[in-house]
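[1] Quick one: sequence plus predicted model below, questions after.
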Amino acid sequence: MKESAFINKNKENWKHFEEVLKGNSSEPDELNDLFIQVTDDLSYARSFYPNRSVRVYLNDLAQKVYLKLYTNRKRKQSYLSKFFKDELPAIMFSARKELLICFLVFLLTFIVGVFSSRHNANFARQILGEQYVEMTNQNIKNGKPMGVYSQGNNLEHFFAIAYNNLRVDMLTFATGLMLSIGTLFVLAYNGVMVGVFQYFFYGTGYFTLTILTIWLHGTLEIFTMILSATAGLIFGKGLIFPGTFRRLQAFRLSALKGVKIILAVIPLTLTAAFIEAFVTGQSQTPLIIKGSLILVSLIFILFYFLWFPYFKFAHTGKEVEMDDLPPETPVVIELDQIKTIGDVVADSFRVWKLNLRFIIIASLILGIALVLSVYLTESRHLEYAFFGVPNSFFTLVKLLKLNLWFRDGYYIIWPVLIPTFSLFVVFIQSRFFKKYLLYPAKISQNTIRFFLNALIISLCLTMFYLSDGFLFFMLFYFVVFPLALSLTSSIFDKGLKGLNTGFGIAIRTFLGKLLLNLSLLFLCFIIYLLVSSPILNFIIEILSKGLRLSDPMLFEIQKVIIIIIGLSTLFALITLNIYANSLHYFSSKEKITAKSLRTELEKLWV
């Protein structure tokens with residue numbers, strides 16, 4: 001058949017296909033028929049008109065149909081809906097004993113706090129602190145016992161409260177690694193503190209007011225504390241009681257269940273922080289409204305976390321452990337697939353896990369070298385401006401000021417740190433591309449690409465060095481660094497000509513990258529809390545006891561260990577960001593260019 005006859009025979013069908021694609025039709029059967037028909041026509045065109053424009057036209061049309069099918073694919077049930085309707089209630093039903101234990105521990109320690117305050121007038125000062133007690137006493141004298149909740153800007157107050165409460169929740173969960181005992185200790189301390197705090201207002205004449213004010217946000221806040229402890233108990237349960245599973249399997253299962261409970265804790269904690277920042281401090285709010293909000297919060301907790309799981313699963317005999325055990329299958333990373341953000345994060349953790357030994361060694365070497373270089377080039381002692389202090393926990397804000405720590409305190413290191421860290425980032429990315437890229441470049445090409453990417457990362461880090469403040473850090477983390485990784489990914493993939501591709505992909509997938517890096521920031525925050533939990537101080541104390549050294553020397557050793565671990569953890573987590581952004585580059589490229597579609601069409605044609 002001549003080309004003109006082939007076109008005349010099918011042009012009306014092709015025109016119809018284009019009209020369907022331009023419209024809002026999302027019927028899977030219709031689109032599926034379109035895809036089959038177009039690929040058949042394309043196969044014919046590839047066979048008889050390989051160098052004609054009709055083949056190019058049909059190839060483009062097939063690509064559009066493919067993207068339309070992917071965009072409009074329907075799922076039986078969204079993940080969030082399934083999680084809150086099925087998974088979380090099932091986990092809560094299986095964790096009912098742990099929840100009861102945590103509630104009883106909190107209740108018992110709450111009573112201990114009340115009775116201790118009753119028989120020891122100075123106990124409140126020991127638990128709450130002198131400054132807080134004096135400030136509250138002064139507020140009571142001024143007739144504003146709840147004045148602490150109406151100080152400062154509401155929005156700033158919300159972020160401060162949310163950060164502190166999330167930190168406590170994550171710490172309570174993370175200490176479950178200490179055979180679950182650490183979780184109970186953290187919960188017990190908070191229970192005593194709440195009991196002391198509540199009794200502090202007893203007899204002041206404002207007891208009813210304080211009850212309705214404190215528990216306005218405290219109903220959700222205290223429950224999230226108990227729920228986090230429940231997650232911590234489950235977290236450590238797999239290590240202590242593996243049951244019929246191997247210990248590693250049991251730990252994977254318990255960790256997964258604990259993390260899913262923590263995912264439910266986060267929105268509750270943010271809601272409690274919002275109420276505390278914007279509602280609790282409003283003294284003009286009628287008591288009946290405050291009481292109603294407390295009652296609604298209590299009913300929600302009892303309904304969703306207690307009654308609903310029991311009603312849904314009490315008579316089903318469902319075993320969550322059997323349903324949720326992750327399969328032990330070989331890890332296969334496919335670069336040429338369109339993936340969701342969740343898929344990208346999961347794949348990045350798989351790659352990170354496969355390379356974890358190398359990452360830990362490389363990060364530890366870099367952290368040690370950095371600290372030693374500070375000692376060799378600076379005359380003064382190393383300060384704790386970055387990673388915590390002994391017997392204290394890591395503060396996220398210090399991480400945001402890492403550049404200031406070096407720039408203002410140890411500025412001599414920066415000219416060496418920028419190229420060293422740039423080479424570290426590019427080296428990690430180049431190992432990833434060498435292992436997973438389908439068609440790796442030649443050695444000479446790789447060398448050029450390597451140093452060109454190192455230059456891009458160096459410029460990126462120089463911007464970070466010159467920046468200052470929280471907003472600059474957010475701009476760097478969510479925009480500048482992901483853009484740089486997109487550019488370096490495109491250069492490793494296509495060479496210098498890929499710069500334009502990488503920039504275009506980064507711009508067109510900006511919202512996806514934003515969500516990806518926001519998820520990574522949250523996960524990195526949890527890992528940092530695990531590292532900087534009391535486990536670290538406990539290990540350091542054990543090591544220190546075996547050394548016969550003076551107190552100043554022990555203090556210096558503790559300081560060096562903490563900073564090395566902090567920096568090494570930071571470098572290890574940055575590799576996770578590198579893997580995730582590199583994987584997202586390939587997923588975005590496939591969504592835009594449909595390269596794998598063309599490969600499949602080649603197979604169909606053959």
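    Great, that's in hand. Numbering: from 1, shown residues only.

[2] gap between residue 178 and residue 246?
    21 Å (C-beta to C-beta, to the nearest Å). For the C-beta atoms, the positions are set from N, CA and C on the backbone; glycine is no exception.

[3] Look at the two and report which has more neighbours.
    Neighbours were counted for residue 178 and for residue 246 using other C-beta atoms under 10 Å; residue 178 has more, 20 against 11.

[4] Pull up the per-residue confidence for residue 591.
    In this model, residue 591 is scored at 78, pLDDT.

[5] wait, I meant residue 145
    pLDDT, read off for residue 145, is 62.

[6] next one: residue 406
    pLDDT at residue 406 comes out at 59.

[7] Check residue 207 too.
    69.

[8] what distance separates the helix or strand hosting residue 419 from the centre of its chain?
    Here residue 419, judged by DSSP states H and E, is contained in helix 414-436. Distance, stretch centre to chain centre, for helix 414-436: 23 Å (C-alpha atoms, centre = their mean, to the nearest Å).

[9] Which secondary structure elements does it sit against?
    helix 356-377, helix 443-466, helix 481-494, helix 551-593 (3 or more C-beta pairs under 8 Å, 6 or more residues apart in numbering; DSSP states H and E).

[10] do you know how far residue 465 is from residue 417?
    Taken as C-beta to C-beta, the span from residue 465 to residue 417 is 9 Å.

[11] what does residue 117 give?
    51 Å.

[12] now do residue 568
    Residue 568 is 15 Å from residue 417, by C-beta to C-beta.

[13] Map the structural domains onto the sequence of this structure.
    3-75, 87-140+164-318, 341-594 (automatic domain parsing).

[14] Now render those as JSON lines, adding distance to residue 158.
    Output for the domains of the chain, formatted as JSON lines (distance: least, C-beta to C-beta, whole Å):
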{"stretch": "domain 3-75", "distance to residue 158": "34"}
{"stretch": "domain 87-140+164-318", "distance to residue 158": "4"}
{"stretch": "domain 341-594", "distance to residue 158": "15"}
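
[15] Out of those domains, which gets the lowest mean score?
    domain 3-75 (a mean of 68).

[16] Stretch 212-225: how far from the chain's middle?
    25 Å.

[17] contacts for that stretch?
    106, 146, 149, 165, 168-169, 172, 187, 190, 194, 197-198, 265, 268-269, 271-273, 275-276, 279-280, 287, 290-291, 293-294, 297-298, 301, 305 (C-beta atoms under 8 Å, 6 or more residues apart in numbering).

[18] next one: stretch 480-488
    Against stretch 480-488 from outside (C-beta under 8 Å, 6+ apart): 426, 429, 453, 456-457, 459-460, 463-464, 499, 502-503, 505-506, 513, 516-517, 577-578, 581-582, 585.

[19] run the last query once more with 6 Å
    Residues outside stretch 480-488 that contact it (C-beta atoms under 6 Å, 6 or more residues apart in numbering): 453, 456, 457, 460, 463, 502, 505, 506, 513, 517, 581, 585.

[20] Buried only: go through those for me.
    453, 456, 457, 460, 463, 502, 505, 506, 513, 517, 581, 585 (16 or more other C-beta atoms under 10 Å).

[21] right, and out of the residues you listed, which lies closest to residue 348?
    Nearest to residue 348 out of the buried ones among the contacts of stretch 480-488 is residue 581 (C-beta to C-beta; 8.5 Å).

[22] Now that closest one: closest residue in space, sequence neighbours ignored.
    Counting by C-beta to C-beta, 6 or more residues apart in numbering, residue 581 lies nearest to residue 485, which is 4.0 Å off, once chain neighbours are set aside.

[23] coming back round to it: list buried residues within the contacts of stretch 212-225.
    106, 146, 149, 165, 168-169, 172, 187, 190, 194, 197-198, 265, 268-269, 271-273, 275-276, 279-280, 290, 293-294, 297, 301, 305.

[24] Just the buried positions in stretch 185-203, please.
    Neighbour-count burial for stretch 185-203 [16+ other C-beta under 10 Å]: 186-188, 190-201.

[25] Restricted to strands, list these.
    Judged by DSSP state E, the subset of the buried residues of stretch 185-203 located in strands is empty.

[26] Show me which pair in those is furthest apart.
    186 and 201 (24.3 Å).

[27] coming back round to it: tell me which of residue 117 and residue 417 has more neighbours.
    residue 117 (23 against 19).

[28] so which strand or helix has the more buried one?
    In this structure, residue 117 sits in helix 96-119 according to DSSP H and E.

[29] returning to that earlier point: can I get the helix holding residue 419 as PDB, trimmed to CA atoms?
    Provided in PDB are the C-alpha atoms of helix 414-436 (Å, rounded to 0.1, in the frame of the first residue of the first chain):
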ATOM      1  CA  TRP A 414      35.700  26.300  54.300                       C
ATOM      2  CA  PRO A 415      38.100  26.600  51.300                       C
ATOM      3  CA  VAL A 416      39.000  22.900  51.800                       C
ATOM      4  CA  LEU A 417      35.500  21.800  52.900                       C
ATOM      5  CA  ILE A 418      33.600  23.000  49.800                       C
ATOM      6  CA  PRO A 419      35.700  21.100  47.200                       C
ATOM      7  CA  THR A 420      36.000  18.000  49.500                       C
ATOM      8  CA  PHE A 421      32.300  17.800  50.100                       C
ATOM      9  CA  SER A 422      31.500  18.500  46.400                       C
ATOM     10  CA  LEU A 423      33.700  15.500  45.400                       C
ATOM     11  CA  PHE A 424      32.000  13.400  48.000                       C
ATOM     12  CA  VAL A 425      28.500  14.200  46.600                       C
ATOM     13  CA  VAL A 426      29.600  13.600  43.000                       C
ATOM     14  CA  PHE A 427      31.500  10.500  43.900                       C
ATOM     15  CA  ILE A 428      28.300   9.000  45.500                       C
ATOM     16  CA  GLN A 429      26.200  10.000  42.500                       C
ATOM     17  CA  SER A 430      28.800   8.600  40.000                       C
ATOM     18  CA  ARG A 431      28.800   5.200  41.800                       C
ATOM     19  CA  PHE A 432      25.000   5.200  41.500                       C
ATOM     20  CA  PHE A 433      25.100   5.900  37.800                       C
ATOM     21  CA  LYS A 434      27.900   3.400  37.100                       C
ATOM     22  CA  LYS A 435      25.900   0.700  38.800                       C
ATOM     23  CA  TYR A 436      22.300   1.400  37.500                       C
END
